[in-house]
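K.L.:
Give the three-dimensional model of this entry:
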Amino acid sequence: MAAYHGEVKILLPPSEGKTPATSGSPLDLPELSAPDLNPQRKKVLTALQRVSKRKDALKQLGVGASLSADVERNVSLDSLPCAPALLTYSGVLYEAMGAPDLVADAPTNETLAQRLRSVHVFSALFGQVNGLDPIPAYRLAMKTDLGTLGKLSSWWKPVLAKSFTVDPAEVILDCRSSDYRAAWPGPHEQVVTLGAVKVTGAKRSVVSHWAKYYRGELVGRLLADDRELPANSADLVSRAEESYEVEFTPHAKNRPAALTIILRD
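P.N.:
Next up is the predicted model:
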């Protein structure tokens, strides 16, 4: 387990559902972190707006008629109000994380604010943003083939490989789904994926919905804790063990390490 003098880096997936801001300034790419990504962000934004205007936009974006309002919103993304990423993304993981409370506390707690800026949400539209970056609610998945750009996970991969760099000894807690891991898999010897399995007798089964919940819950606990964030894999496992039964599987040549929360009947 690698020692690191900083703190664990936390990677989150976006949510399919997003909460539109009711007030706030419109999208301003220069305000976002990782400014080197802005030319690529602009390309994806332009392509998304173009596709969203088409008659077959729902089909092109792989969504049903119930999401037509979301697709219509895509056309005006550069003029819609923005909110911090951790408020814009919604769903099980972000609810379990207590994201609204964390964001609300950040203005009066600089340590927490810095932690939220060190949480990275990977995005089909923006590549990656930090937890406090102001963004609009959009509809776009990393698995989407966006015309001339092709499948976005493949398009972003070489871009993020250059942009999103990590310290050689840094430990990365990866809570993302497979599509977003494909866009930036990271070095296997530094990444620890977080998952959950249900154990019934001798049978094990993956629990995708509850895995999101427990990922969010653990991340929220780490961020809200007055103690420093874990600095290495051993510390990360130890902190997880305070709340859950867990297993830790070290990395292998072709896969990262895995921290698994065990749910028993």
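
K.L.:
Packing partners of the helix or strand T111 falls within?
P.N.:
Assessed by DSSP states H and E, T111 sits inside helix 110-117. In this structure, helix 110-117 makes packing contacts with helix 99-105, helix 208-224, judged by 3 or more CB pairs under 8 Å, 6 or more residues apart in numbering; DSSP states H and E. From N, CA and C alone the C-beta is placed, and that goes for glycine too.

K.L.:
wouldn't K198 be in contact with R204 here?
P.N.:
Yes: at 7.2 Å, K198 and R204 qualify as touching, with contact defined as CB atoms under 8 Å.

K.L.:
can you map out the strands along the stretch 101-250 of the chain?
P.N.:
119-123, 127-130, 134-135, 172-174, 191-200, 203-206, 245-249 (DSSP state E, counting those that start in this stretch).

K.L.:
what's I261 in contact with, if anything?
P.N.:
194-197, 211, 214, 218, 240, 244-246 (CB atoms under 8 Å, 6 or more residues apart in numbering).

K.L.:
Just to be sure, it is in a helix?
P.N.:
No: the assignment for I261, made by DSSP: H, G, I helix; E, B strand; the rest coil, is strand rather than a helix.

K.L.:
so it bridges to which residues?
P.N.:
A196, V246 (DSSP bridges).

K.L.:
residues making contact with the one helix or strand L58 maps to?
P.N.:
Per DSSP H and E: L58 is located in helix 57-61. Applying CB under 8 Å, 6+ apart, the contact partners of helix 57-61 are 51-52, 54, 64-65, 67-68, 71, 139-141, 144, 147.

K.L.:
make it 7 Å
P.N.:
51, 54, 64-65, 68, 71, 139-140, 144 (CB atoms under 7 Å, 6 or more residues apart in numbering).

K.L.:
Could I get the buried residue list for that helix?
P.N.:
For helix 57-61, a neighbour-count test (16 or more other CB atoms under 10 Å) marks 57-58, 60-61 as buried.

K.L.:
between those, which is nearest K9?
P.N.:
Each of the buried residues of helix 57-61 was scored against K9 by CB to CB, and L61 proved nearest at 30.3 Å.

K.L.:
what's around the closest residue to L93 other than its chain neighbours, how many residues?
P.N.:
Counting by CB to CB, 6 or more residues apart in numbering, G216 is the residue found nearest to L93 once chain neighbours are left out, at 3.7 Å. Neighbour count of G216, defined by other CB atoms under 10 Å: 22.
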